[in-house]
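**Q** below is the structure, and that's it, no one-letter string:
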Ligand SMILES: Cc1cc2nc3c(=O)[nH]c(=O)nc-3n(C[C@H](O)[C@H](O)[C@H](O)COP(=O)(O)OP(=O)(O)OC[C@H]3O[C@@H](n4cnc5c(N)ncnc54)[C@H](O)[C@@H]3O)c2cc1C
């Protein structure tokens, strides 16, 4: 009889090859979706694997509903473009995204009042209230619909319901992955593999060097039946009473940012980036289970409390708790270059820059593991210190990294070289040609994207304009 902690030996088995492609992307979150799209648009045959029922990762299944960190407050410009802007445009066409227009950015009191509860402000400045900037509040199902449409249009071969479990490595090069699914174990082979799992599952399995990171975990949820106008009026007209109540609410929640609820493009529906829980490990089944149980207790305690106390929330109800647990940080790659807080703060420039975040730049080397070749890493598990990741892991920079990884994979394949040897100047040129900003040039981008001039959803009336 074996005990917990013992090992058992499984017999070797034959695994059927279910697909072969030039590029295999594992993880259909913001980074993986962008990587698959970019590789396919640049001529590669691409398979995209995702464990869940949908694309979007934390952006849709995690119900993290503001695209931020795409505003450079040093250069006063939108720094993340490319696939990220296309995604906003496509959701705008569905009237399922809201964002402040160019003439609303800044500290004008009316603009601050209008937009703060959408979360579209620059929270990295010390200034209070935070200035309004370009950021986009979106609907999670719109994300799922748009990303499915886009991968199909690009000819990406999508395989949902596929849990990655092992990386295949030969002679120091990644050659494919094994997935577990309802169809059993399956091998998916590829010339270049892109790890976009967020937890570095693929690179860690391949033996790539990495560190173990950790940060608060959150069970994000949405409430319906909220009179947001009444809640905002109370906050504005009775600031002292509001502040005292808000402090009590945060105690009930056990952990939250300044704004515990934010508006969404659906009338009466708010998303809540809380409750936060510390000391849990996003790689441990026991901790992930505990987070779900603890999180729900806090959520229902909050609903009971605000229904009786908080103007605007009298008839609120839980619509859903995010199906993807809010894990911010686990394993982080120790790649060819490791980004630091100093790089972010000093806005270090790199010759091999391939992506921008808010006001920082990322070199191609942060996507490259040291030992394993033909493996690229894009997303929140990129090569970065734990402290620096906490301030450089938002959805737009993850999309920018993914887009760069996809283009780099196509460039390497076309040139017949390994991913490590991809010609970065060609990657930069192609990224620019498709509307992304790799951060290789000095100075502002010359244009404000067209969509930043027009509004998709009016924040006051929720009517389309
Ligand atoms: C609670 C919370 C609030 C946040 N708030 C914001 C915010 O307001 N704005 C913002 O811009 N960012 C925010 N972030 C950060 C942002 O959501 C993430 O950093 C970003 O989504 C990371 O993108 P990614 O593609 O790297 O990873 P993920 O979004 O985690 O996507 C990874 C994908 O890989 C899939 N996957 C993982 N493992 C496997 C496997 N073994 N097999 C198959 N598929 C797998 C997952 O299902 C998922 O689809 C927040 C994060 C959290 C957790």
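**A** In hand now; what should we look at? Quick caveat: nothing in here was measured; it's all calculated off a predicted structure.

**Q** which parts of the stretch 351-465 of the chain sit against the ligand?
**A** Counting by Cβ under 6 Å from any ligand atom, the residues of the stretch 351-465 of the chain close to the ligand are 379-380, 393-395, 398. Any C-beta I mention is one placed from the backbone N, CA and C, and that applies to glycine too.

**Q** scan the residues you listed and report the most crowded one.
**A** residue 398 (33 neighbours; other Cβ atoms under 10 Å).

**Q** could you pull out the helices for the stretch 101-250 of the chain?
**A** Along the stretch 101-250 of the chain, the segments classed as helices by DSSP state H, counting those that start in this stretch run 109-115, 140-153, 201-206, 228-237, 239-253.

**Q** for the fourth one, give the mean pLDDT please.
**A** Read that as helix 228-237. Across helix 228-237, pLDDT averages out at 96.

**Q** what residues sit buried inside that helix?
**A** Under the neighbour-count criterion of 16 or more other Cβ atoms under 10 Å, helix 228-237 has 228, 231-232, 234-235 buried.

**Q** next: the third one.
**A** Buried residues in helix 201-206, defined by neighbour count with 16+ other Cβ under 10 Å: 201-206.

**Q** determine the number of other residues adjacent to residue 89.
**A** By the measure other Cβ under 10 Å, the count of residues near residue 89 is 15.

**Q** in contact with it, which residues?
**A** residue 451 (Cβ atoms under 8 Å, 6 or more residues apart in numbering).

**Q** what about residue 290, which SS state?
**A** Assigned with DSSP: H, G, I helix; E, B strand; the rest coil, residue 290 falls in the helix class.

**Q** would you turn the buried residues of helix 228-237 into a markdown table with distance to the ligand?
**A** Output for the buried residues of helix 228-237, formatted as a markdown table (distance: Cβ to the nearest ligand atom, whole Å):
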| residue | distance to the ligand |
| --- | --- |
| 228 | 18 |
| 231 | 20 |
| 232 | 19 |
| 234 | 24 |
| 235 | 20 |
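
**Q** of those, which is the nearest to residue 247?
**A** Lowest distance from residue 247 to the buried residues of helix 228-237 (Cβ to Cβ) belongs to residue 235, with 13.3 Å.

**Q** in contact with the closest one, which residues?
**A** So residue 235 contacts residue 242 (Cβ under 8 Å, 6+ apart).

**Q** right, and residue 129 touches residue 115 too?
**A** No. Contact status for residue 129 versus residue 115: not in contact, 10.1 Å apart, counting by Cβ atoms under 8 Å.

**Q** give me the common contacts of these two.
**A** Common neighbours of residue 129 and residue 115, using Cβ under 8 Å, 6+ apart, are residue 121.

**Q** those two: which has the busier surroundings?
**A** The residue with more neighbours, out of residue 129 and residue 115, is residue 115; 24 against 11, by other Cβ under 10 Å.

**Q** so what's the residue most central in space within the chain closest to, chain neighbours aside?
**A** Per Cα atoms, centre = their mean, the C-alpha nearest to the average position across the chain is that of residue 395, at 3.2 Å. In space, and not counting its chain neighbours, residue 395 is closest to residue 30: 4.7 Å by Cβ to Cβ, 6 or more residues apart in numbering.

**Q** wait, the one you found sits on residue 57?
**A** Yes. With contacts counted by Cβ under 8 Å, residue 30 reaches residue 57, the gap being 5.9 Å.

**Q** what's the residue nearest to residue 395 in contact with, if anything?
**A** By Cβ under 8 Å, 6+ apart, the residues touching residue 30 are 56-59, 379, 395-396, 398-399, 402.

**Q** that one and the ligand, how far apart?
**A** Distance, residue 30 to the ligand, using Cβ to the nearest ligand atom, to the nearest Å: 4 Å.

**Q** which phi and psi does the residue of the stretch 351-465 of the chain found nearest the ligand have?
**A** As assessed by Cβ to the nearest ligand atom, the ligand sits closest to residue 379 within the stretch 351-465 of the chain, at 2.3 Å. Main-chain torsions, residue 379, degrees, to the nearest 10: phi 120, psi -160.
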